[in-house]
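> This is a predicted model, with the sequence first.
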Protein chains: 4
Amino acid sequence: TGRRSLSRSISQSSTDSYSSVYSDSSEDESSPREKQQKTSKGLSDFCIKNIKQAEFGRREIEIAEQEMPALMVLRKRAEGEKPLAGAKVVGCTHITAQTAVLIETLSILGAQCRWAACNIYSTQNAVAAALAEGGISVFAWKGESEDDFWWCIDRCVNLLRTFKWRDMTHWIYKKYPSLFKRMKGIVEESVTGVHRLYQLSRAGKLCAPAMNVNDSVTKQKFDNLYCCRESILDGLKRTTDIMFGGKQVVVCGYGEVGKGCCAALKALGAIVYITEVDPICALQACMDGFRLVKLGEIIRQADMVITCTGNRNVVGKEHLDRMKNGCIVCNMGHSNTEIDVASLRAPELAWEHVRPLVDHVIWPDGKRIILLAEGRLLNLSCSTVPTFVLSITATTQALALIELFSAPEGRYKQDVYLLPKKMDEYVASLHLPTFDAHLTELTDEQAKYLGLNKHGPFKPSYYR
Amino acid sequence: TGRRSLSRSISQSSTDSYSSVYSDSSEDESSPREKQQKTSKGLSDFCIKNIKQAEFGRREIEIAEQEMPALMVLRKRAEGEKPLAGAKVVGCTHITAQTAVLIETLSILGAQCRWAACNIYSTQNAVAAALAEGGISVFAWKGESEDDFWWCIDRCVNLLRTFKWRDMTHWIYKKYPSLFKRMKGIVEESVTGVHRLYQLSRAGKLCAPAMNVNDSVTKQKFDNLYCCRESILDGLKRTTDIMFGGKQVVVCGYGEVGKGCCAALKALGAIVYITEVDPICALQACMDGFRLVKLGEIIRQADMVITCTGNRNVVGKEHLDRMKNGCIVCNMGHSNTEIDVASLRAPELAWEHVRPLVDHVIWPDGKRIILLAEGRLLNLSCSTVPTFVLSITATTQALALIELFSAPEGRYKQDVYLLPKKMDEYVASLHLPTFDAHLTELTDEQAKYLGLNKHGPFKPSYYR
Amino acid sequence: TGRRSLSRSISQSSTDSYSSVYSDSSEDESSPREKQQKTSKGLSDFCIKNIKQAEFGRREIEIAEQEMPALMVLRKRAEGEKPLAGAKVVGCTHITAQTAVLIETLSILGAQCRWAACNIYSTQNAVAAALAEGGISVFAWKGESEDDFWWCIDRCVNLLRTFKWRDMTHWIYKKYPSLFKRMKGIVEESVTGVHRLYQLSRAGKLCAPAMNVNDSVTKQKFDNLYCCRESILDGLKRTTDIMFGGKQVVVCGYGEVGKGCCAALKALGAIVYITEVDPICALQACMDGFRLVKLGEIIRQADMVITCTGNRNVVGKEHLDRMKNGCIVCNMGHSNTEIDVASLRAPELAWEHVRPLVDHVIWPDGKRIILLAEGRLLNLSCSTVPTFVLSITATTQALALIELFSAPEGRYKQDVYLLPKKMDEYVASLHLPTFDAHLTELTDEQAKYLGLNKHGPFKPSYYR
Amino acid sequence: TGRRSLSRSISQSSTDSYSSVYSDSSEDESSPREKQQKTSKGLSDFCIKNIKQAEFGRREIEIAEQEMPALMVLRKRAEGEKPLAGAKVVGCTHITAQTAVLIETLSILGAQCRWAACNIYSTQNAVAAALAEGGISVFAWKGESEDDFWWCIDRCVNLLRTFKWRDMTHWIYKKYPSLFKRMKGIVEESVTGVHRLYQLSRAGKLCAPAMNVNDSVTKQKFDNLYCCRESILDGLKRTTDIMFGGKQVVVCGYGEVGKGCCAALKALGAIVYITEVDPICALQACMDGFRLVKLGEIIRQADMVITCTGNRNVVGKEHLDRMKNGCIVCNMGHSNTEIDVASLRAPELAWEHVRPLVDHVIWPDGKRIILLAEGRLLNLSCSTVPTFVLSITATTQALALIELFSAPEGRYKQDVYLLPKKMDEYVASLHLPTFDAHLTELTDEQAKYLGLNKHGPFKPSYYR
C-alpha cells in the first residue's frame, strides 16, 4: 500500500486526473451486466456503469458541443426533413463527450442508434449515462473485460441497416452472416478497419457499400497533423512536467503524426532528430530542418524518444539498454507495439510506478528510463485531444452515413469508396465560422478560366 | 452539493489534480498549530500539516534534484569546506519541492535554516513534512489563515544572521528592530520585496547589505521569458483543453513575460495581438510580427485575453462586457489585480464553478466568459513551472547568501546590491552540462584583444 | 534617356543583375538565325547567340552540378550500360544551367538530344553556348521573337523517338502528325502541358504513352513548397530591399505555393493574411495561424499583396485603387494573369520604371503602388531558385524518360501515366546524401508486419 | 582577362550588382582631389566623385526618406523653431542614402554640416553628389586611399561646435587640440568610438560631454538583432544562391547579432549550431533550441560558418583546413578579423574569384571553401540593410545632438552619457505609426499604482 499511497500523493502535483480515469475507486465494483437500471423515463435498453451520473455527463457533452459547430449546423438543417429518418445505425467507437455529440446528432437526424465501445478502457462512464438517459441504447463502461466487450457489441447488433467501425463489422460478418447481407452500408474510420474492408472487398465477400473515411482529406490533413501538434506537448507536460527548451528529442517517423509532433517540439525549443524508412518523408524532414539519423546513432544523447511510425519494435531492447538515465520514452503512433515494452518485463529490470501512466524502469546499475502509458498512445492516454479537430472527422462520418443511406439505388456497389471531394470541402466549410474566416467566392469568369464549378469541388478527386 | 459533485466529476476529464491541491478533503481539518508532532529522530521545532507525509515529499524532492544540477554541484563542492558554516538563515518562500532543494542545499553548505511560506495556498504539505523530517525548522502548511501566516513567520525569526524575502524582512523591520540591526545580510528575489528594500535604503533605514536577486541577468533573462514560454500552454490546456490553432489571443504587455507567452502561442498557431504602454516594447512587438492594438479595438473578436503587465485593471468591466461568448480570461502577470475580477461580483452576473480553478461568469443574456484561477497567476495556479528554470534562480540565491556571509568586512555596506556579473555567469555555466553544451574558451591572444579576463566576466556590469 | 540612366544608377544599389539579364546591351544585335557559328570541333547543328560564351556557361553548369547530386549519380551508374542508348530525345524547357545538367545527363546516358527554349526571355545565352560546344543541338537565345520561338522548335524536331514538354508536343501534333505517331513516349512537367495531354487522351488522339511528372510527389511536395519558401524573400529583397518585420502581407491562395510563401514571411516577422476559395486550404490556413479574409476587407491596410492562386484577376482594379501608398504587388502563381496589370495601363495612371523589374504606378493623387516584374512570376524573374530543388524534378524527368524508353512492349499504352511510387522514392533517396541523412531500413519482421516490401514502395500509389 | 570576363558573365545570374558597386568601370579614374566641381548654384566647398550623379542620388535619398518616418516628423516639427540653429556639426559616417536623410535632417533643423566618410569603400557616389548639390559640404568617394581618408576628415574639420564619430574625434584630439577644447559635444555610435571616449574620459582628457548612442536601447535591441535577422539570408542568397533548407550552419557567437542570424536561419529550415564563450549567452542558446558546441567538434559537417563574435581569429587555419568541400565562410561580426583570412594567403592555396565578393579558396587536394567578402562584414558588403532599422539609430543620433546642443549650461559635464530613457522611448514611439500600431495610455490610477509618469519613462534608467 505504500506504493499506492505514494503514487497518489505525487500525483497531486500534476496528474492525478489520469489516476482517476483509470482507478475510479469511489465507484462500486459490481458489473454493469448484473445491474438493473432505468432512465428517468423508464427506458432500460442499455448497459452502463451508473445512470445517476447522467447529469454530469450531460454537462461534458454540452461543453463539447460548443467546439463541434458543424454537427450543430447539421442538427439545425435537419429541423425540417430528417435525412436519416428510418435508419437503424449501430456504432462502435470510443464513448466520449465528442462521440456523444456525433451519436446524438445522428439521432436528431432521424436515426435509431445502438452503440458499443471500441476500447475497454476509454469509455467516460458519465457520458455513457447521459447518452442512455437521452434514449440512446448504449452498451459500454470503463474497464470492460474482453468478454464484456464482445457481449456489448452483440447486444447492440439486432436490427440495423447501416453501421460503422471495425470490430463490429468483423463480429457481424462472423456471427450474423445473414444480417451482414441485409446491411445498407458501412462507414469505417480506423486504419485497421479500412484494411479489413479492402480485404473483404478483394475477396468478394463485402455485401454492402463501405465508406473509407480514414483516407479522406479532412482526416489525413487535419486529424493527424493538428491533433498531434496540439496534444504532444500537453501529454508530456501532464505526465512528466518536463521543460522542452534545449531537450534533444528523437521522433521516429515523419508522417503526418510525426510532422505534427516535430512542429510543436521544435517551436518550443527542443532539438529534434528524425528516423524514417521512407525516402520521401525523409527528404521532407531534411528540408524542414531536422537531422535524419538512425536511432542507434543518436540514442545515447536523447532526452526523449517518441514513436510515430505505425510500425512495431521501432524502439527495441538494444536501444532501451543504451538510453541515458532519465530518458523519456513514449508512443504517439497507432498502437502499443512501437516500443518493445515486453522486453522491459525482464527479471533484471525493476519497475517503479511513480505516477499514473508513468513508470520508471530501472536497470541494475541504477539507470532509469521513464516510460509513459506503458507504450500505449500518449495523447489518448495522457492528454486531451482538441474537440474541434475531432469535430471535423465526426462531421465527415455523419455525412458519409447520410450519403450511404440516402443515395439512389445503384450509386454505390458492394465496394469500398472514398468520400466525394465535394463532401470533404463541405465539411471544411462548416468549420470556418469558428475562426470568423471569410471564404472568397470565384467569379463566373474565374470559374470558367479554371474549368471549375463555382461551388466546388476545387480539388481533383485524387487529391489527398 | 449538486454543484460540488458536478465539479468533481467533470474534473476527472482533465484537471482534478488542482481540485486536490486546493481541497485535499481526505486530510483532517485540525489546525497544525494545535498538533504535537515529532520527526523520527524526535525533533519538534517545526509546524506543518502531517509529518507522516514525509516519505512522499522526499520522493518529490528527489525528482526535483535531478533537474537542479547546479545546486547539486554546490553541494558536492561543499564537501570539503562549508561556506555557510555558522550562518543562521531564515527564509520565506513558496514551500515546494524546488525550494526544498534550495533549503537543503543551504543546510548542506553549513547553514542552520528556519523557513516559512510566503503564500497561504502554495505549500506542498508533503514537501514540508520531508523538510521537517530532514531537520529543517519549517513552519508552513497549505491553507493557512492570515493569522497563521504571520504566526509562522514569527516562529521562524528568533536567532538569525542572514535572511531572505519580502514579508519576512518587513516583519523583522517592524517587530524586531534590534534583530534587524544585527543581521548580516538580506537576499531578496521578489519585485515587491526589492522595491521595499530600495525604499528602506533611500530612507537610510536599511541596517544590512541586501542583494537584489530579482534584477540579476539570470532572473530577468531566464526566469520570466522561458518560464512563461514553457507554462502558458500547459496552464491553458490543463484548465480548458482549448485548441490553440487559429485562436485569436490578446496578450496585454510585451515585457519578458509577455514575450514568453507570445512566442509559445504563436508557435502553436494562435493569432496574437499585443497591447502595450511602453513604446520600446511596443516597437519590439511590431518587429516580432504582432499587431499592436488597444484592448478596446480588438476585444470583440478575442478568443482569449491574457494579462502580463504588472499593472492593475488592465482588463476592466468595460472590456469584459464586450467579450464574446466563450472568451477565456486569465493572468500571467504579477498579481491578481490585472483583471478587474471584483467587477464580476456584480449581482446581475452569475458564477458557475465548472472545474477547479475554472469559473464561468454568465451575463444576463447568457453570454459566458471563462475566468481562470479567479485572475490569480495562471502558471503558478494551474500548471507546473519547469524545475530547471527555477534552479537558475535558486542557485543565484544560494550564491548571493554565500557572498554576503563570507564577504570580507566592508565589501558591502548598508545598501542594495546587484549580484556581480561574474557570479551570474557562474550560475549559467553550472547549468550548461544539462544540455551537454560545450563552452568555448578564449585564447590568451583573444582575451587580450577583447580586454577581458579569460574566465570572465564577459558582460559589462551594466548588462541586463 | 534620363529615365534609363536613372534606372541604371539606382540598380547599382541592389538589382542590376536583372537589368543585365534582360538588356544585355553589350552584345551584338544581329539575329542568331542569320549567323553561321561552329563549335571548336566543327559542329554547326545548333542556333544560339554566341558560341564564344561557352567557357563562361560551362562554369555556371559546373556550379549547378554540385547542387544536383542525383543526376551525377545517374551518370556514374550509366558508366557501364547506357539506358538511353539509341534514344532520340527532343526537349523544350527553360535553357538554364540546371536544365543543362539534365540535358547533358541524358546525353551521357546515351540519348541523342535536340533542344529548344520554352520561353522567349529565359535562356541563359552562355549556357546555351556551352551546351552547343558540348555537342548538344540547341536552338535557343534570350529575346527570341514569337516567330523565332516556333522556328527553333521546328528545327529541333526532325528525327526523334521520345520527347518532352508542352509547346513542342503541340507543335508536333499539329504539324508532323506522322511523326507524332512514331514517338515512343512523352514526358511532361508543366501544368498546362499535362492538361493538354489529358485532353488528347480523352479525345483518343494520344499516340504514345505520356508520363505526367507534374503530379508526382516529388514535384508537388518539394518543387512548389520549398522552392517558394526559399525564393519569396529573396525576390522581394532584391527588388525592393523591404524590411519584413511587422509588415502586413496578404497572400492570395494557400496551396503549396502559398504555403511556402507564408511560412517564410511569417518566420521573418511579417503579419500574413490569406484569401482562399477552397474550404480545405482555407481551414488549413486557419489552423496554421493565419487570418482568412476577403481581399477587399483587408486591402487598405496591406503593405504587400502576393498572388499564388493559378487563377486570373485575383487582384483587380477595384483592389489596386484602394491600396495604400507604397503597397507592393507581385505574383508567385503560375502566370501573369493573376494581377490585372492591363487595368493599370489606364491613361490617368503614370508608370515610373524605378529599377529593373520594378515599376511605380502613380495615381492622380500621388499614390504609388510598386509593381514587380509587371505581374509575371516573381521568383523566376527576380530571384534565383534553389538548384537542389530543381534537381529533384530534373531527376524525376530523367527517370521517366528511361522508364518510357526501356519499358517492355505493352507496359504503357497510349495514355497518361503517373510515375510509379517506387521511382518517386528512388528520386528522393538519391537526394538524401546531400544532407548526410541516414535512412533506416525495415527489418524483415517489420516489413512483414506492415505488409510492405523492405525496399518500398512505402506509400500507396494514390499518395500525393 | 579570361578570369575577369568569367566573373562578369557569371555574375549576371545573380550578383553583378556588387561588381558594379566595387568596379564602377564606366567612371573616370581621376582622383576627386584633382577635380574642380561646382554645384548648379555655384558652390564648391565639397569633394566627391562626380556632381553630375546628383539627380540619381536624390532619387535614392527620396526612397530612403519613405522608410525613415521619424526623421521626417522631426523635420516637420522643426518648421517653427530650429533646434540646431547655429550649430556647426561635423560628421564622419558611411555616406549612404540613409545617412543622407540624417544629414539633411540636421541641416533642416538648423545645423551647418560638414561630412566625411568613415570607410574607404562604402560611399555611394551618387548620394554624395546629391548631398553636395543640396549644399552639404561633403568630402567622400568610393575607393579612397588611406591618405585620401584622412585628407577628407581634415577638410571637414575647421569650424565646428558639435560633432560625431570615431575617427574624426580621434583626429581632432590629436591634430587640433585647441579645437577639441572648444567643442560643445560629441555623439558617438560605434563600439570602438565609444570605447575610446571612455578611455579619454578615464584619463581626464575629454573636453566635452559625449553621448554614447551605441549603448542605447534602441541601438542594442533593434539595430543588431533585427538588422541581422533581415540581412543574413539576403547576403547569403545574393552571393551564393544557396538553399537554406536542411543546411548545417555554425554560428559563432550568440549575442544580439548571432541571435538575429540564428532566428532567420532556423526559420528557413537550417540546422544551426552555436559556439560561445560567455555562459549566459550559451545558456540562452541552449534554451532557444540550439546545440552548443566547440567549433572543432562540428567543423567537418558544417555547410556554412558565420562569425558574429566581435573577436578575432575565431575561425582559424586549423578549422579552415578541416572544412568540407563547398563550405561557405563569412562574417557578420564587427570587423574583418574574425576569420583568419591572412592564413588563406598561403602559397599552397589557390584563390579563384568566382563572383564579386565571392572567392573560392582551393586546397591542394581540390577542396574548395567559399569565402564571402574576404571576411569583411557580409551584410554591409553584400546585402542591403533595412532602412527602417537604420532610421531608429539615426533618429537617436539626431535627438542626442539636439540634447547636447540645447541643454542648459551644466547639465552635461566632460563625461560620457547614455541617452535619457525617455528619449529612447520617444524614438521608439516615432516609429510606431509605420505599423499602424496603437499604443495604450496609462490611466491616472494605473500610473499612480505603478509609480510612473503617465508619459514615461517606463523603463528604469538601467534597463538595456
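Everything's here; your move. Since the model is a prediction, treat every value here as computed from it, not as a measurement.

> Only C-alpha atoms from now on, for both contacts and neighbour counts.
Fine.

> which ones are touching A:Leu214?
Quick fix: residue A:214 is Asn, not Leu. The contact partners of A:Asn214, by CA atoms under 8 Å, 6 or more residues apart in numbering or on different chains, come to A:Glu188, A:Glu189, A:Ser190, A:Val191, A:Val194, A:Gln220.

> Apologies, that question was intended for A:Tyr417.
A:Pro209, A:Ala210, A:Met211, A:Asn212.

> between the residues you listed, which is nearest chain C?
Using CA to the nearest CA, A:Asn212 is the member of these that sits closest to chain C, with 13.9 Å.

> Most neighbours among the contacts of A:Tyr417, which one?
The residue in the contacts of A:Tyr417 with the most neighbours, by other CA atoms under 10 Å in any protein chain shown, is A:Ala210 (29 neighbours).

> beta partners of it?
Bridge pairing for A:Ala210 (DSSP bridges) gives the partners A:Ile186, A:Val416.

> didn't it look like it was pressed against A:Phe405?
No. A:Ala210 is beyond contact range of A:Phe405, at 11.2 Å (criterion: CA atoms under 8 Å).

> Quickly list what's touching both of the two.
Counting by CA under 8 Å, 6+ apart, the residues touching both A:Ala210 and A:Phe405 are A:Gly185.

> Next to chain D, which bits of chain A? Give me the list.
Residues of chain A found near chain D (CA under 8 Å from any CA of the partner chain) are A:245-247, A:266, A:268-271, A:286-291.

> so which pair among those is furthest apart in space?
Farthest apart among the residues of chain A next to chain D by CA to CA are A:Gly245 and A:Met287. That separation is 22.1 Å.

> higher neighbour count, these two?
A:Gly245 (28 against 23).

> which residues of the stretch 51-200 of chain A score low on pLDDT?
A:158-167 (pLDDT under 70).

> in it, which spans are helices?
All helices of the stretch 51-200 of chain A, identified by DSSP state H, counting those that start in this stretch, fall at A:54-66, A:69-77, A:97-108, A:125-133, A:146-156, A:166-175, A:177-182, A:191-202.

> Point out the other helices and strands that the fourth one packs with.
In this structure, helix A:125-133 makes packing contacts with helix A:54-66, helix A:97-108, strand A:137-139, judged by 3 or more CA pairs under 8 Å, 6 or more residues apart in numbering or on different chains; DSSP states H and E.

> Go ahead and measure how far it is from the middle of the chain.
Remark: helix A:125-133 is offset 19 Å from the chain centroid, using CA atoms, centre = their mean, to the nearest Å.

> any residue of the longest helix along chain A up close to chain B?
Using DSSP state H to define each element, chain A has its longest helix at helix A:387-406. Yes. Under the criterion of CA under 8 Å from any CA, chain B is reached by helix A:387-406 at A:Thr387, A:Phe388.

> Quick one: neighbours of A:Gln37, just the number.
18.

> so who does it touch?
A:Ser44, A:Cys47, A:Asn50, A:Ile51.

> for chain B, what are the nearby residues on the stretch 351-464 of chain A?
Residues of the stretch 351-464 of chain A lying near chain B (CA under 8 Å from any CA): A:Ser383, A:Thr384, A:Val385, A:Pro386, A:Thr387, A:Phe388, A:Phe435.

> Output those as TSV; include the columns neighbour count, distance to C:Ser216 and pLDDT.
Listed next are those as TSV, based on neighbours: other CA atoms under 10 Å in any protein chain shown; distance: CA to CA, whole Å; pLDDT from 0 to 100:
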residue	neighbour count	distance to C:Ser216	pLDDT
A:Ser383	27	37	79
A:Thr384	23	37	77
A:Val385	25	33	80
A:Pro386	23	33	86
A:Thr387	21	34	88
A:Phe388	24	32	90
A:Phe435	20	33	95
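
> For the stretch 151-300 of chain A, list the residues in contact with chain C, please.
Residues of the stretch 151-300 of chain A lying near chain C (CA under 8 Å from any CA): A:218, A:222, A:226, A:275-280, A:282-284, A:286-287, A:291-294.

> one more time with 10 Å, if that's ok
When proximity is defined by CA under 10 Å from any CA of the partner chain, the stretch 151-300 of chain A lies next to chain C at A:215, A:217-218, A:221-222, A:226, A:252, A:274-297.

> Out of those residues, name the ones that lie in helices.
A:217, A:226, A:279-287, A:295-297.

> What is the nearest of those residues to C:Ile328?
A:Met287 (28.9 Å).

> Isn't A:Ala447 up against C:Gly310?
No. Counting by CA atoms under 10 Å, C:Gly310 is not a contact partner of A:Ala447; they are 11.6 Å apart.

> Mind checking which of the contacts of A:Gln37 are buried?
Neighbour counting with 16 or more other CA atoms under 10 Å in any protein chain shown marks A:Cys47, A:Asn50, A:Ile51 as buried within those.

> Would you confirm that the last one contacts A:Ala126?
Translated: A:Ile51. Yes. Between A:Ile51 and A:Ala126 a contact is recorded at 7.8 Å, counting by CA under 10 Å.

> if I look at those two, which residues touch both of them?
A:Gly57, A:Ala132 (CA atoms under 10 Å, 6 or more residues apart in numbering or on different chains).

> coming back round to it: generate a ChimeraX selection restricted to the buried entries among the residues of chain A next to chain D.
Filtering the residues of chain A next to chain D down to the buried ones (16+ other CA under 10 Å) takes a single ChimeraX command:
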select /A:245,246,247,266,268,269,270,271,286,287,288,289,290,291
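
> Any chance of the residues of chain A next to chain D in JSON lines with pLDDT as columns?
As requested, those are exported to JSON lines (pLDDT from 0 to 100):
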{"residue": "A:Gly245", "pLDDT": "96"}
{"residue": "A:Gly246", "pLDDT": "96"}
{"residue": "A:Lys247", "pLDDT": "96"}
{"residue": "A:Lys266", "pLDDT": "98"}
{"residue": "A:Leu268", "pLDDT": "97"}
{"residue": "A:Gly269", "pLDDT": "97"}
{"residue": "A:Ala270", "pLDDT": "98"}
{"residue": "A:Ile271", "pLDDT": "98"}
{"residue": "A:Cys286", "pLDDT": "97"}
{"residue": "A:Met287", "pLDDT": "96"}
{"residue": "A:Asp288", "pLDDT": "97"}
{"residue": "A:Gly289", "pLDDT": "97"}
{"residue": "A:Phe290", "pLDDT": "98"}
{"residue": "A:Arg291", "pLDDT": "97"}
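
> Would you reformat the residues of chain A next to chain D as a markdown table and include distance to C:Leu233?
Output for the residues of chain A next to chain D, formatted as a markdown table (distance: CA to CA, whole Å):
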| residue | distance to C:Leu233 |
| --- | --- |
| A:Gly245 | 28 |
| A:Gly246 | 28 |
| A:Lys247 | 30 |
| A:Lys266 | 22 |
| A:Leu268 | 24 |
| A:Gly269 | 24 |
| A:Ala270 | 26 |
| A:Ile271 | 25 |
| A:Cys286 | 20 |
| A:Met287 | 17 |
| A:Asp288 | 17 |
| A:Gly289 | 18 |
| A:Phe290 | 22 |
| A:Arg291 | 24 |
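
> Mind checking which of the residues of chain A next to chain D are in strands?
A:Ile271, A:Arg291 (DSSP state E).
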